[in-house]
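S.K.: curious how this folds, go ahead:
(chains A and B)
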Amino acid sequence: MQQGGNRQTEKLMLERSVPGRVGVVLPDLDVPAQPLPDNALLRDDLALPELSEPELVQYFTGLSLKNFSIDTHFYPLGSCTMKYNPKINDEVAFSPGFASIHPMQPAEHSQGALELLHKLQGFLGEITGLPAVSLATLAGAHGELGGMLMIRAHHLANGDTTRTKVAIPDSAHGTNPASAAMAGFDVVELASDEQGNVDLNALRAVSGPDLAGVMITLPSTLGLFDTHIVEVCNIVHEAGGLVYGDGANMNALLGRVKLGDLGFDVAHLNLHKTFSTPHGGGGPGAGPVCCTNQLAPYLAAPIVSQNGDSYEFSTPAKSIGKLSGFHGNFGVLVRAYTYIRTLGDAGIKSISGNAVLSANYMMNALRGVYHLPFDRTCMHEAVFSADFQKERGSSGLEIAKRLLDYGFHAPTMYFPLIVHEALMIEPTESETKETIDAFIQALIDIDQEVTDDKDLVNNAPHTTPVARLDEAKAARQPDLRWQPEAAD
Amino acid sequence: MSPDDRKYTEEHEWVMIDGSDDGTAIAGITEYAQDQLGDIVFFELPKIGDSVAHLGKMGEVESVKAVSDLFSPINGTVTEINEKLLDHPELVNEDPFGEGWIIKVAMADVTELDSLMSSQDYDTFIAGL
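M.R.: Got it, this is the predicted structure:
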């Protein structure tokens, strides 16, 4: 990964600036010149960097070579599904018919785009078993907020004003409690049982006339399929509550399990995880919300409906309103649509098969080397504990840092909170057996290093452009903005 | 071994009468808690005069790993907070049972301490985690 250069002397663009140096030539004016009145000038010149074109190219190319991405490396970041983003997705999204349309163009001039959105709504409804879909929400947690606002609107429309509580398992995604609180609910945490399932007795204890619903991540952040899930949904429904599904881990279920069939009422999908659209700095994301026909009137606007041979935007009857500008992140939606069409029925099903196979292969290869607090067949990811290594003096953090030296991204650490020294690893369905084997071997080697040369692990990384960062100092005394060095 | 001059909760807070004989208790988080949290970077503490309830949320602690709720070990009214923690949260990592105390509370009922865990019980409790 080391691409030359000296980390001590590498200068920022502003620090390389030389007055008068020019890197671009503006194109000729193609409209009549209009002199600006003096009072239209807001300020003096901005302190922009002045560089030549080669300097600029070298600067950004240098930065890009330091980048760590799914196009360069294996990225086993648990629950984030950092899988490969097929290039055909971009190729289709860049087609002028999709890339050059304007969101304020009349619907009759963008029928192709609307047709794509309508078909994508249909695909996602079919995949989740929740037939009504809004594509308007722009991220996973944004979808959660939308879904929880729908649950709230549903109860209030029924005159049910006492349902203030939302129960969330301790193995749910970390954003769920914040989303429920943002939607105005009080959050109650549900314990997991020894198998990693929702503790049904704990659920029964909170299922009463004040329960608005539950938020379930399936599979959970333990990488486990809750074997009581149908009963969980029944208990909540009998108490008059609704079941929200966090679909961030949907790559484990694609084509095999429909959330609607299990009893879920409303769920979001992360297109930037399950459906291979860019993720992690390369976004933006998209978190469509899928629901039952019963909840369809509350969906966020707009949705695309078909009217004879044409398509139009519409607002559901009791919509919670707009949660984003225009029609969601359209370019992302084109990519997800392309992914689904490229794979087809059989391909979609093979995604979940390979995701689950990869994770179980890895889990079995590392059993005994790393502690498995919930040792049962996992879904698309496995949660290990670095307890064995911590006893010898290296924590999960140290192991994660050392993995960088082996050329792998670190896994998700210290989450879920119910596992000590958690290392949550998702190999994803797009990596080969050879890559996963190399990763397994790296974790085995690091375990040996903890015994043989603990300092090597505890001072890692050694080969990255910057060495171990002082995370505590960065949080306690953040340096948030570049400032010119004071003139002498 | 946790100090035996104070009482403990399952949420890893400690509490002791501060010696002033007026029912004021001093409370903080345990060595085990600070070790689990890792480097602490920020505290959100209650205000003087706030009521706190036994195992009720009284603030937040943020470490490099996670943000966690702080729970009050006892019922009462906050009389003092350790303002040093606002600029030096690391005091809790360095000395959780001493300089890193978090709040002082006028207890509603000092006999409440009798229902909390002894140091021996707490050490047994954390050994089983």
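
S.K.: which residues touch the residue most central in space within chain B?
M.R.: Geometric centre of chain B, nearest residue: B:G28, 2.2 Å, by CA atoms, centre = their mean. Residues near B:G28 by CB atoms under 8 Å, 6 or more residues apart in numbering or on different chains: B:13-14, B:92, B:96-97, B:100-103. All C-beta atoms are positioned from the backbone trio N, CA, C, and that covers glycine.

S.K.: now swap in B:G56 and tell me
M.R.: By CB under 8 Å, 6+ apart, B:G56 lies in contact with B:71-72.

S.K.: now it: how far from A:A202?
M.R.: According to CB to CB, to the nearest Å, B:G56 stands 20 Å off from A:A202.

S.K.: hmm, A:L135 and A:G328 touching each other?
M.R.: Yes - A:G328 lies in contact with A:L135 (CB atoms under 8 Å); the separation is 4.6 Å.

S.K.: where do the contact lists of these two overlap?
M.R.: Contact criterion CB under 8 Å, 6+ apart; residues shared by A:G328 and A:L135: A:286, A:288.

S.K.: hang on, A:K401 packs against A:P461?
M.R.: Yes - A:K401 is within contact range of A:P461, at 5.4 Å (criterion: CB under 8 Å).

S.K.: can I get stretch A:77-94 in PDB, CA atoms only?
M.R.: Below are the C-alpha coordinates for stretch A:77-94, written out as PDB (Å, rounded to 0.1, in the frame of the first residue of the first chain):
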ATOM      1  CA  LEU A  77     -16.500  -4.700   7.900                       C
ATOM      2  CA  GLY A  78     -19.300  -6.500   9.700                       C
ATOM      3  CA  SER A  79     -22.900  -5.500   9.100                       C
ATOM      4  CA  CYS A  80     -21.800  -2.900   6.500                       C
ATOM      5  CA  THR A  81     -21.800  -5.400   3.600                       C
ATOM      6  CA  MET A  82     -18.800  -3.800   1.800                       C
ATOM      7  CA  LYS A  83     -19.300  -6.000  -1.200                       C
ATOM      8  CA  TYR A  84     -18.200  -5.400  -4.700                       C
ATOM      9  CA  ASN A  85     -20.100  -2.800  -6.700                       C
ATOM     10  CA  PRO A  86     -20.300  -4.100 -10.200                       C
ATOM     11  CA  LYS A  87     -19.200  -1.600 -12.900                       C
ATOM     12  CA  ILE A  88     -22.200  -2.200 -15.000                       C
ATOM     13  CA  ASN A  89     -24.200  -0.400 -12.300                       C
ATOM     14  CA  ASP A  90     -22.200   2.800 -13.100                       C
ATOM     15  CA  GLU A  91     -22.400   2.200 -16.800                       C
ATOM     16  CA  VAL A  92     -26.200   2.200 -16.800                       C
ATOM     17  CA  ALA A  93     -26.400   5.100 -14.300                       C
ATOM     18  CA  PHE A  94     -24.200   7.200 -16.600                       C
END
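
S.K.: close to chain B, is that stretch?
M.R.: No - figure legend: stretch A:77-94 not in contact with chain B (CB under 8 Å from any CB of the partner chain); closest approach 14.9 Å.

S.K.: rounded mean pLDDT for that stretch, please.
M.R.: In this model, stretch A:77-94 carries a mean pLDDT of 95.

S.K.: same thing with stretch A:313-325?
M.R.: If you average the pLDDT over stretch A:313-325, you get 96.

S.K.: list the buried residues for that stretch?
M.R.: For stretch A:313-325, burial by neighbour count (16 or more other CB atoms under 10 Å in any protein chain shown) applies to A:316, A:319-320, A:323-324.

S.K.: got it, and stretch A:137-148?
M.R.: Within stretch A:137-148, the residues scored as buried using 16+ other CB under 10 Å are A:137-148.

S.K.: ok, so of those, who is nearest A:F275?
M.R.: Ranked by distance to A:F275 (CB to CB), those are led by A:G140 at 12.2 Å.

S.K.: quick check: the closest one vs chain B, distance?
M.R.: Counting by CB to the nearest CB, to the nearest Å, the separation of A:G140 from chain B is 19 Å.

S.K.: coming back round to it: which of A:G328 and A:L135 has more neighbours?
M.R.: Set A:G328 next to A:L135 and count neighbours by other CB atoms under 10 Å in any protein chain shown: A:L135 wins out with 30 against 24.

S.K.: quick one: contacts for that one?
M.R.: A:117, A:120-121, A:286, A:288, A:303-304, A:327-328, A:333.

S.K.: rerun at 10 Å
M.R.: Shown in contact with A:L135 (CB atoms under 10 Å, 6 or more residues apart in numbering or on different chains): A:117-118, A:120-121, A:124, A:269, A:271, A:286-290, A:299-300, A:302-304, A:324, A:327-330, A:332-333, A:336.

S.K.: near chain B, which residues of chain A?
M.R.: In this structure, chain A approaches chain B at residues A:174, A:395-397, A:413-415, A:417, A:420-422, A:470-478, judged by CB under 10 Å from any CB of the partner chain.
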